[in-house]
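*Asks:* Coordinates only, no sequence provided:
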């Protein structure tokens, strides 16, 4: 059964995003600002990385994460990937704490706690009609594809998993994803693709980075 077959459960999910998102944001705010200070002290550049992502129904929004790469990384693509990620950035990625500021996107109604990960405009423009179904729900901080391989599987496979999530959604599945999310974080699963290189949609693996070095440093940051 899809999300459309269980409207009351889906409304409950949206309510839980609000009821859980706000307390989580308030409780974790001291940690968020403490980590922001550490990012600033660790390397030159802004604490937060802001980038346009595409949300539900193709609506763009600005995703907020902690900066995990050195400043002007887009101009240094000849440097090995592990030298572009900052010392603190490696830890933030390893623990998924770099995603913590996306709670701000959740409480603003742009994201959900659980759903397909938000993607770039150029990736969405390459979707076929079936793959665009991924945009039927809000993107999430964690999701079915995240707990079934994350960056270790090709984008095409991630999209299949995301659409399976939409077609088979239930509160029970939501709970399974929550449980497996904590396990994935604890076991540090799927942080990078094969050989330390992440897949790019519609192409071969590229130097590992959640958004790609050029994307991360080429957008407005604050």
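*Replies:* Done, it's in. In this text the structure is predicted, and so the values were computed from the model without any measurement.
*Asks:* quick one: the strands in the chain?
*Replies:* Assigned by DSSP state E, the chain shows strands spanning 48-54, 60-66, 112-114, 140-142, 197-199, 205-207.
*Asks:* mind checking the longest helix of this structure?
*Replies:* Among the segments of the chain that qualify as a helix by DSSP state H, the longest is helix 7-42.
*Asks:* What are the buried residues along stretch 54-74?
*Replies:* Across stretch 54-74, burial judged by 16 or more other Cβ atoms under 10 Å covers 54-56, 61, 63-70, 73-74. C-beta here means a position set from N, CA and C on the backbone, and glycine is covered the same way.
*Asks:* Could you do stretch 31-40 as well?
*Replies:* Along stretch 31-40, these residues count as buried under the neighbour rule (16+ other Cβ under 10 Å): 32, 35, 36, 39.
*Asks:* Make sure the third one is actually in contact with residue 67.
*Replies:* Just to be clear, that refers to residue 36. No: between residue 36 and residue 67 there is no contact under Cβ atoms under 8 Å: 9.4 Å.
*Asks:* how far away is residue 55 from residue 17?
*Replies:* As judged by Cβ to Cβ, to the nearest Å, residue 55 and residue 17 stand 13 Å apart.
*Asks:* cool, and residue 139?
*Replies:* The spacing between residue 139 and residue 17, counted by Cβ to Cβ, is 12 Å.
*Asks:* Phi first, then psi, for residue 116.
*Replies:* phi -60, psi 140 (degrees, to the nearest 10).
*Asks:* Quick one: residues contacting it.
*Replies:* 134, 137, 139, 140, 143, 144, 145, 159, 162, 165 (Cβ atoms under 8 Å, 6 or more residues apart in numbering).
*Asks:* Now, those that are in helices?
*Replies:* Per DSSP H, those map to helices at 159, 162, 165.
*Asks:* Surely the second one is in contact with residue 143?
*Replies:* Yes: look at residue 162 against residue 143 with Cβ under 8 Å: they come within range, at 6.5 Å.
*Asks:* do you know how far residue 66 is from residue 94?
*Replies:* For residue 66, the distance to residue 94 (Cβ to Cβ) stands at 13 Å.
*Asks:* now do residue 20
*Replies:* 24 Å.
*Asks:* just to revisit the earlier point, give the residues shared as contacts by residue 36 and residue 67.
*Replies:* Joint contacts of residue 36 and residue 67 (Cβ under 8 Å, 6+ apart) are 47, 48.
*Asks:* spatially speaking, which residue is in the middle of this protein?
*Replies:* For the chain, the residue nearest the mean C-alpha position is residue 117 (4.8 Å; Cα atoms, centre = their mean).
*Asks:* Ramachandran coordinates for residue 47?
*Replies:* Backbone geometry at residue 47, expressed as degrees, to the nearest 10, gives phi -80, psi -40.
*Asks:* That one and residue 68 touch, don't they?
*Replies:* No: taking contacts as Cβ under 8 Å, residue 47 lies outside contact range of residue 68: 10.8 Å.
*Asks:* ok so, going back, of residue 139 and residue 17, which one has the most company?
*Replies:* For residue 139 and residue 17, the more surrounded residue by other Cβ atoms under 10 Å is residue 139, and the numbers stand at 25 against 20.
*Asks:* The nearest residue to that one once chain neighbours are set aside: what's it in contact with?
*Replies:* Leaving aside its sequence neighbours, residue 139 sits nearest to residue 118 (Cβ to Cβ, 6 or more residues apart in numbering; 3.6 Å). Shown in contact with residue 118 (Cβ under 8 Å, 6+ apart): 53, 54, 55, 61, 63, 111, 139.
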